[in-house]
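A.B. asks: after the sequence you'll find the predicted model.
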Amino acid sequence: MNQQFMEKLKQQLEQELQEIEQQLEESERPEATELSNYDNHPADNASDLTDQLTEMAIDEHRGDNAEEIKRALQAMQDGTYGKCAVCGEEIPQGRLEAMPKAMTCVEHAEQKEEELRPVEEEVLSASPKSDDFVEVEEFGSSDTPSDKN
């Protein structure tokens, strides 16, 4: 990777980091719209809570982005920038140009995304076992004589 390209990416990352840090500094938590919850409708409280949680999530996302940028800038200083952190292969310049904070090649970035999936998906996507109903029915139901005793 040539030095001019690297310098361009470094400036881009530093500018993005500066913008994110400024946004985090200027970020304000939405305040409740009412002084008391006594006579509030529950929807008003829910709206306030939603606004607060949304702002917190945005700030957390900004903080995560700032950390990724700092890691990329540190890798530039260490001389490891542009190499996949997993396999050590060169990261294509097109990927770095599109996403300067990338620390992995596309293949390993996709693996990372798969690892971030919620664990509930496994349960929700699992097909039910055919013998589950039979197993539960052994305990009886309102249709069986054992329940009428």
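C.D. replies: Now that the structure is in, tell me what you want to look at.

A.B. asks: need the longest helix for this structure.
C.D. replies: Longest helix in the chain by number of residues (criterion: DSSP state H): helix 42-78.

A.B. asks: which elements pack onto that helix?
C.D. replies: Secondary-structure packing of helix 42-78 (3 or more Cβ pairs under 8 Å, 6 or more residues apart in numbering; DSSP states H and E): helix 3-26. Heads up, the C-betas are built off the backbone N, CA and C, glycines and all.

A.B. asks: okay, buried residues for the helix it packs on please.
C.D. replies: Within helix 3-26, the residues that count as buried by 16 or more other Cβ atoms under 10 Å are 9, 10, 13, 16, 17, 20.

A.B. asks: next one: stretch 41-50
C.D. replies: Within stretch 41-50, the residues scored as buried using 16+ other Cβ under 10 Å are residue 48.

A.B. asks: do the same with stretch 89-97
C.D. replies: By neighbour count on 16+ other Cβ under 10 Å, the buried set for stretch 89-97 is 91, 95, 96.

A.B. asks: so the second one touches residue 107, yeah?
C.D. replies: I take that to be residue 95. No - counting by Cβ atoms under 8 Å, residue 95 stays clear of residue 107, with 10.8 Å between them.

A.B. asks: coming back round to it: now do the longest helix of the chain against helix 3-26, angle only.
C.D. replies: Angle, helix 42-78 to helix 3-26, by axes from the mean of the first three to the mean of the last three Cα atoms, to 10 degrees: 150 degrees.

A.B. asks: run through who's touching the next helix or strand after helix 42-78.
C.D. replies: The helix or strand immediately downstream of helix 42-78 is helix 93-98, counting by DSSP states H and E. Helix 93-98 is contacted by residues 1, 5, 9, 82, 102, 105, 106 when judged by Cβ atoms under 8 Å, 6 or more residues apart in numbering.

A.B. asks: select only the buried ones of these in ChimeraX?
C.D. replies: A single ChimeraX command selects the buried members of the contacts of helix 93-98 (16+ other Cβ under 10 Å):
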select :9,82,102,105
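
A.B. asks: and the contacts of helix 93-98, which two are furthest apart?
C.D. replies: Largest separation among the contacts of helix 93-98 by Cβ to Cβ: 5 and 106, giving 18.6 Å.

A.B. asks: much appreciated, bye for now.
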